[in-house]
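K.L.:
could you work out the structure for the sequence below:
(2 chains)
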Amino acid sequence: MNTFPFPGGVHPPDYKEPTSTELIEVAEPPQEAVIHLLQHTGAPAAPLVKVKDEVRTGQQIGHSDSFITASVHSSITGTVVAVEPRPHPVYGESKAVVVANSGFDMIDYKPMNRNWQDLQPADIISYIRQAGVVGLGGAAFPTHLKLTPPPDKKIDVLLINGAECEPFLTSDDRLMRERAEEVVEGIRILKRATGATQVIVVIEDNKQLSISSMTQALRKLEDSLNPISLCVIPTRYPQGSEKQMIYSVTGKEVPSGGLPVDIGVIVQNVGTAFAVFEAVVRNKPLYERVVTVTGDCVENPGNFVVRIGTPFRQLVETAGGLSKEPVKIISGGPMMGIAQYTLESAVVKGTSGIVLMSAEMAKVYEPSNCIRCGFCISHCPQQLMPQMIMKLATKEKWTEIKYQYNLMDCMECGCCAYSCPAKIPLVQWIKLAKYKTRMLKI
Amino acid sequence: MDNINEAVSEKGKSLSGQSEVAGVNNPSAADDDENKGLVRKTETETEKEPESISGAGSDKDPSAAEVLTDKADSEKDGEDKDASPDSAELKIERREAKKKVVPPKPIGEEKYTVTSSPHIFGNNTVSKIMWTVSACLAPAGLAGIYIFGFSAFWVILSCLAGAVLSEYVWQKLNKKPVTIRDGSAFLTGLLLAYNLPPGIPLWAAFLGSAFAVIIVKHLFGGLGNNIFNPALAARGFLLMSWPDAMTTWWKPFQYKLQTDAITTATPLAMMKSGHLQEFLDSFPTVGKMFSALLWGSRGGCLGETCSVFLILGGIFLIYKKYIDWQIPAVFMGTVGILSLVFYNIGMKSPMDPISTLFFSLFSGGLVLGAFFMATDYVTCPITLRGRIIFALGCGVLTAVIRRWGGLPEGVCYSILIMNAFVPLIDSKIRTTVYGTSVE
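P.N.:
Just a heads-up that it's a prediction; the model follows:
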């Protein structure tokens, strides 16, 4: 299949070897699950339970009437011991339902093998909403909303994102290798739900084993009328970014400030496809996901099926504990992940991995003067001008940054800061600018 | 094999079954394992741990298995193609054996680095770039020493000393961190030396690089903030102050004759004074002239003459993606094409078009300027589009100065003039941001 190379991008070392050969293992449910009510992009859910309530695995414990939101389910069986702010991997601190494990894992939903072929798209979407499925690639946007375009828009192309371009992370890769058939079923369900005429699974060319297992599964479950195609794209960061992927495969650009659905495309992660399969066919709410635990401080890096709300500390214990003292703990990959201030942060739906880095790997550089080399511009996949944004940010010219230098088109992929020879924290400047424009309502 | 597969799927089904699996399999593993002692030791550790930490573990076996049955059902045999069940089992065992507790720390005692993403960085640094560019310039300098003799070496040395020392002294006096190790002052000194005649008095060379570093670079705010290319501005300063010393050119290889160096004129100066035919006549064939121009056997600045090494160094920088190929290509292309036109306006060129092209590209400082001066990050525009406009402007100005200006050579001043336009270019020429050109 023809691909359209997007401009910029970088080739960081991928560090995937330690975990790409590890089977997905099921991790022990935590003694205490910290289930955040803000698991997703959008409004936080309101708790449906109070302290001392008994909850079961898969029971809905959070709900919101807002438009952009997703319901939250308990991941273990036990007693609610607190509803209070706890360390959140993305938002620093956020309200969470803390459940103490009773030791008995009892489920609150009826496992089944539903025949999705009989369902209408609206029913599929409603099952997905009930199960609290969100985008598992990292941004955690509620899936049922993505599948429901505004009435005047139509979804033509459904892209399934199996690029996993972040270094270190292998959860999607393993999922495609071990659960290819479920993933493909999930993709077929998504196809039915969206009515897309063209469905393309997109995988980077460094995941040959995923490509072959997905090809086999696609062949086995092929729908002869509208086959699902597989597109292999060259390995380059950030190939897995939504806009870059759309450009790579279709050659079309998503309008600035718009959504992919504006050009008739939506992108879903392979992990999301798997969660959709579980939600629709198995009737299982999203209360566990595959998380890669890796980094040079972990004794036995691996991929684990982890209950949502498992504290990072227990995740590290599951991976054999620490081999040396970490100085940096990252939720997500090293390019876009968020550094944690504590190991008490708990897994949320968007946590695709945690990386524990030693001092030598997580080197902190002292920024020097900008030499105007322009690497940040030539490596920017969005073709922004990070150097100009940084320079104007030092002068606090927020309006100019936002309207003349397209601040909001930045997705903070980190290519600029990665390529900067002066080690200027460009992403930090951009985040500051976004924060300032939000605060000052510019 | 079946047993092993079972063990693996058992593990998949229920986690709390793990200790059991490990218990069953460990002795056999210990038998074939060479490090028996080690395995046994870790085994005893794990036996203690599950009891003390997850006492409730044994209680939840039945229900956990029940919950996850449907998942186990859907699991396929063999699971994975690249990891044999054998190795998978061993890995799980190892994991079991090594499972250890990460003791919780009270809040506030955890000390982790918290920075904005990204958390890994490319291996380019400012000093790496500066030293690489210097290294790419080195062969041309060695060629200059070979062509013009050892005095060229002393000129280079004085420039380097002047640049590095003045940066050191300036930063010490101003109580700023000393940055001479980053190589930028070294590079400035080197570039200035390459732009000087081999016979220039050493004090002038020293003074010139001090001017470049202190006046042109540090008075404007230091690295990254100067408007004009320090080496070229210093050359301009020297040319204005000591025009005689700056325009006395040595004949190549005169030092070998053990005589006092005999002066000559640069090819461009000969053309300007109407003696182009003389220059051409000094070579028996056109081919000889081409090779003399390429290899640098001509009068000129000590580092600008050997075009071959300069081009090789420049190509290496392009290959390393340190410089954009568009700048030298557009700069040299513009000069070449305009020379073909200009040399036939108001004068009669004795050369055929190919020779004219060749002469215009390799007879002066164009190669050095196009590959190493116009590409100076600090003093050229920041976007690729801007850089192309910049290179185009340099090319036009060079061709115009060479043909109609008061000086024979135009590269230095054309780059300096275009340097002044860089802030304007940068404010007007932007990139086309993804998604802004579509509805």
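K.L.:
what residues are up against B:F283?
P.N.:
Residues near B:F283 by CB atoms under 8 Å, 6 or more residues apart in numbering or on different chains: B:M289, B:A292. Any C-beta I mention is one placed from the backbone N, CA and C, and that applies to glycine too.
K.L.:
now do it, the pLDDT please.
P.N.:
On pLDDT, B:F283 comes in at 88.
K.L.:
which residue is nearest the middle of chain A?
P.N.:
A:G138 (1.6 Å; CA atoms, centre = their mean).
K.L.:
look up how far A:V157 lies from that residue.
P.N.:
21 Å (CB to CB, to the nearest Å).
K.L.:
for B:W250, same thing?
P.N.:
69 Å.
K.L.:
and A:I266, by the same measure?
P.N.:
Counting by CB to CB - A:I266 and A:V157 are separated by 8 Å.
K.L.:
quickly list what's touching both of the two.
P.N.:
Common neighbours of A:I266 and A:V157 (CB under 8 Å, 6+ apart) are A:A196.
K.L.:
neighbour count: those two, which is higher?
P.N.:
A:I266 (23 against 20; other CB atoms under 10 Å in any protein chain shown).
K.L.:
who does the helix or strand where the more buried one lies touch, helix- and strand-wise?
P.N.:
Element membership for A:I266 (DSSP states H and E) is strand A:265-269. On a contact count with 3 or more CB pairs under 8 Å, 6 or more residues apart in numbering or on different chains; DSSP states H and E, strand A:265-269 meets helix A:143-146, strand A:157-162, helix A:180-194, helix A:242-250.
K.L.:
name the next helix or strand following it along the chain.
P.N.:
helix A:270-280.
K.L.:
how is chain B carved up into domains?
P.N.:
When chain B is parsed with automatic domain parsing, its domains come out as B:32-76, B:127-428.
K.L.:
deepest of these, which one?
P.N.:
domain B:127-428 (a mean of 20; mean count of other CB atoms under 10 Å in any protein chain shown).
K.L.:
measure that one end to end?
P.N.:
30 Å (CA to CA, to the nearest Å).
K.L.:
so how far is it from its chain's centroid?
P.N.:
Its chain's average C-alpha position is 19 Å from that of domain B:127-428, according to CA atoms, centre = their mean, to the nearest Å.
K.L.:
next one: stretch A:156-168
P.N.:
So, by CA atoms, centre = their mean, the centroid of stretch A:156-168 is 10 Å from its chain's centroid.
K.L.:
tell me the mean pLDDT over it?
P.N.:
Averaging pLDDT along stretch A:156-168 yields 93.
K.L.:
what's the end-to-end length of that stretch?
P.N.:
Stretch A:156-168: ends 33 Å apart by CA to CA.
K.L.:
with stretch A:161-181 instead?
P.N.:
Stretch A:161-181 has its terminal residues 16 Å apart, counting by CA to CA.
K.L.:
equivalent analysis for stretch A:149-163, please.
P.N.:
Start-to-end span of stretch A:149-163 (CA to CA) is 24 Å.
K.L.:
can you show me the helices along the stretch 251-400 of chain B?
P.N.:
B:267-272, B:276-281, B:286-295, B:307-319, B:326-342, B:353-362, B:366-368, B:384-404 (DSSP state H, counting those that start in this stretch).
K.L.:
can you check chain A too?
P.N.:
Taking DSSP state H to define them, one finds helices in chain A at A:17-20, A:121-130, A:143-146, A:171-178, A:180-194, A:208-220, A:242-250, A:270-280, A:312-318, A:375-378, A:386-394, A:398-404, A:415-419, A:426-439.
K.L.:
A:L38: which of those helices is closest?
P.N.:
A:L38 lies closest, by CB to CB, to one member of these: helix A:143-146, at 15.8 Å.
K.L.:
which strands or helices does that closest one pack on?
P.N.:
helix A:121-130, strand A:265-269, helix A:270-280.
K.L.:
please identify the buried residues of the first one?
P.N.:
When you say that, I think you mean helix A:121-130. For helix A:121-130, burial by neighbour count (16 or more other CB atoms under 10 Å in any protein chain shown) applies to A:I124, A:I125, A:Y127, A:I128, A:R129, A:Q130.
K.L.:
re the thing from before, including distance to chain A, could the helices of the stretch 251-400 of chain B go into CSV?
P.N.:
CSV is the format used below for the helices of the stretch 251-400 of chain B (distance: least, CB to the nearest CB, whole Å):
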stretch, distance to chain A
helix B:267-272, 31
helix B:276-281, 39
helix B:286-295, 30
helix B:307-319, 12
helix B:326-342, 11
helix B:353-362, 26
helix B:366-368, 20
helix B:384-404, 7
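K.L.:
and the residue nearest to B:Y413 when sequence neighbours are not counted, what does it touch?
P.N.:
Using CB to CB, 6 or more residues apart in numbering or on different chains and skipping the chain neighbours, the partner closest in space to B:Y413 is B:I401 (6.1 Å). Contact analysis of B:I401 by CB under 8 Å, 6+ apart lists B:L407, B:E409, B:G410, B:Y413, B:S414.
K.L.:
can you rerun that using 10 Å?
P.N.:
Contact analysis of B:I401 by CB atoms under 10 Å, 6 or more residues apart in numbering or on different chains lists B:L407, B:P408, B:E409, B:G410, B:V411, B:C412, B:Y413, B:S414, B:I417.
K.L.:
quick check: the last one touching B:V411?
P.N.:
No: if you go by CB atoms under 10 Å, B:I417 and B:V411 don't touch, sitting 11.1 Å apart.
K.L.:
leaving out sequence neighbours, find the closest residue to the residue nearest to the centre of chain A.
P.N.:
Distance criterion CB to CB, 6+ apart; nearest residue to A:G138, sequence neighbours excluded, is A:G350 at 5.3 Å.
K.L.:
thought the one you found was touching A:S171?
P.N.:
No: contact criterion CB under 10 Å: A:G350 and A:S171 do not qualify, at 11.8 Å.
K.L.:
more neighbours, these two?
P.N.:
Neighbour count, other CB under 10 Å: between A:G350 and A:S171, A:S171 has more, with 25 against 22.
K.L.:
how about that one: what's its closest non-neighbour residue?
P.N.:
A:V290 (4.1 Å).
K.L.:
ok, the one you found - contacts?
P.N.:
A:24-25, A:136, A:169-175, A:178-179, A:271, A:274-275, A:303-306, A:351-353.
K.L.:
residues contacting whichever residue of the stretch 201-350 of chain B sits closest to chain A?
P.N.:
Going by CB to the nearest CB, chain A is nearest to B:G224 of the stretch 201-350 of chain B, at 4.0 Å. Counting by CB under 10 Å, 6+ apart, B:G224 makes contact with A:S368, A:N369, A:C370, A:I371, A:R372, A:C373, A:A422, B:V126, B:S184, B:K217, B:Y377, B:V378.
K.L.:
which regions of the chain sit below the pLDDT cut-off?
P.N.:
Reading this off chain A. Counting by pLDDT under 70, chain A shows low-confidence ranges at A:1, A:223-226.
K.L.:
actually it's chain B I care about, not the one you picked
P.N.:
Ranges of chain B meeting pLDDT under 70: B:1-100, B:105-108, B:258-261, B:439.
K.L.:
surely A:R192 touches A:Y127?
P.N.:
No: counting by CB under 10 Å, A:Y127 is not a contact partner of A:R192; they are 11.9 Å apart.
K.L.:
quick check: neighbours shared by the two?
P.N.:
With CB under 10 Å, 6+ apart as the test, A:R192 and A:Y127 both reach A:W116, A:L119, A:V280.
K.L.:
just say helix, strand or coil for the residue of the stretch 201-350 of chain B closest to chain A.
P.N.:
Assigned with DSSP: H, G, I helix; E, B strand; the rest coil, B:G224 falls in the coil class.
K.L.:
what about the residue nearest to A:H73 when sequence neighbours are not counted, distance to B:G336?
P.N.:
Distances taken as CB to CB, 6+ apart place A:P285 nearest to A:H73, at 4.1 Å, with adjacent residues excluded. Using CB to CB, we find A:P285 at a distance of 70 Å from B:G336.
K.L.:
adding distance to A:L48, write the helices of the stretch 251-400 of chain B out as TSV.
P.N.:
Listed next are the helices of the stretch 251-400 of chain B as TSV, based on distance: least, CB to CB, whole Å:
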stretch	distance to A:L48
helix B:267-272	85
helix B:276-281	92
helix B:286-295	81
helix B:307-319	61
helix B:326-342	61
helix B:353-362	77
helix B:366-368	74
helix B:384-404	55
